[in-house]
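Asks: curious how this folds, go ahead:
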Amino acid sequence: MNTPDPFWRNDSPPTVLEVMNTRIVLTSISFVCSVAVSAHAQSAGTKPTAATGRSLNLDFESGDLRDWNAQGKAFQKQPIRGDTVSPRRDDMKSGHQGNYWIGTYEIGGDDLTGTLTSVPFKAAQPWASFLVAGGPWPNTRVEVVDAATEAVLFKTSGDESENLRPVVVDLQQQVGKQIFIRVVDQQTGHWGHINFDDFKFYAQRPKFDNELDPAKVLAEAPPADSYGPRPGRPQQRSRLKRLG
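Replies: Modelled structure (predicted):
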């Protein structure tokens with residue numbers, strides 16, 4: 001005796017309703033799978049590499065500053081491990097990727113200065129992103145620089161917040177060329193620090209829900225010699241809670 005097919009009962013032809021339901025289910029599955037693949041592809045990104053193919057330490061997950069050159073006291077004892085922001089203030093957190101990140105306030109407060117410069121590396125893909133936060137000043141910024149000419153290709157400051165947010169860099173004209181990253185903290189006083197983490201490449205422009213707009217940051221940036229608190233902006237709090 002033949003066993004009836006579980007879908008087409010008693011070997012009878014499928015009804016129009018059954019065919020339509022099947023198509024709806026298959027379409028839904030296909031859509032869910034495509035969304036999942038797309039989300040994974042965007043979230044992954046790729047790490048820049050040295051000429052030898054070794055992944056560069058542009059996310060600081062080695063726990064040290066290899067592949068970087070630090071000058072000045074602001075970048076001493078970096079990178080920072082874990083979220084050291086939320087223990088000292090309840091309205092913000094670091095928002096870093098992985099275990100380590102750069103935060104020049106976290107060790108010496110707002111009065112230390114310096115620069116942190118990566119080794120040169122090839123712009124392997126047309127888009128990149130990194131995480132940035134900290135002071136909104138022109139002197140607290142992250143730059144992407146042409147290694148051959150030392151021309152600044154892209155720069156942005158923080159938005160007067162400790163919450164690291166992604167910013168997208170257009171490198172379509174630099175693909176195949178050598179570039180480097182420069183993290184700058186030359187500001188003292190109120191919000192005189194910079195936070196940075198996790199530089200990655202993308203084949204297509206990535207999109208982030210909390211993406212920082214560099215044009216808006218630049219338009220709202222105060223003069224470099226203005227040190228006072230800005231109306232409507234959160235003030236930096238004492239580190240005594242964390243250190244005590």
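Asks: could you use CA atoms for every contact and neighbour count after this?
Replies: Will do.
Asks: domain-wise, how is the chain divided?
Replies: As recorded under automatic domain parsing, the domains making up the chain are 9-44, 68-243.
Asks: mean pLDDT for these: which is lowest?
Replies: Mean pLDDT per stretch puts domain 9-44 lowest among these, at a mean of 50.
Asks: secondary structure element for the spatially most central residue of the chain, which one?
Replies: In the chain, the C-alpha nearest the mean C-alpha coordinate belongs to L131, at 2.6 Å (C-alpha atoms, centre = their mean). Element membership of L131 [criterion: DSSP states H and E] is strand 127-134.
Asks: if we look at the helix or strand just after that strand, which residues are touching it?
Replies: Where DSSP H and E defines the elements, the next helix or strand beyond strand 127-134 is strand 140-146. Strand 140-146 has contacts (C-alpha atoms under 8 Å, 6 or more residues apart in numbering) with 132, 134, 151-158, 177-187, 192-194, 196.
Asks: if we can go back for a sec, apart from its chain neighbours, what residue comes closest to the residue nearest to the centre of the chain?
Replies: P166 (4.4 Å; C-alpha to C-alpha, 6 or more residues apart in numbering).
Asks: can you tell me how far the one you found is from G95?
Replies: 10 Å (C-alpha to C-alpha, to the nearest Å).
Asks: next one: N210
Replies: Counting by C-alpha to C-alpha, the gap from N210 to G95 is 11 Å.
Asks: hey, what's in contact with both of those two?
Replies: Common neighbours of N210 and G95, counting by C-alpha under 8 Å, 6+ apart, are R165.
Asks: who's more crowded, those two?
Replies: Higher neighbour count among N210 and G95: G95, with 19 against 10, using other C-alpha atoms under 10 Å.
Asks: please identify which helix or strand holds that one.
Replies: Judged by DSSP H and E, G95 forms part of no helix or strand.
Asks: who's the residue nearest to A151 when sequence neighbours are not counted bridged to?
Replies: For A151, ignoring the flanking residues on the chain, the nearest one in space by C-alpha to C-alpha, 6+ apart is V145 at 5.7 Å. With DSSP bridges as the criterion, V145 is bridged to V152, F180.
Asks: please verify my assumption that G98 contacts E61.
Replies: Yes: with contact defined as C-alpha atoms under 8 Å, G98 and E61 form a contacting pair (6.9 Å).
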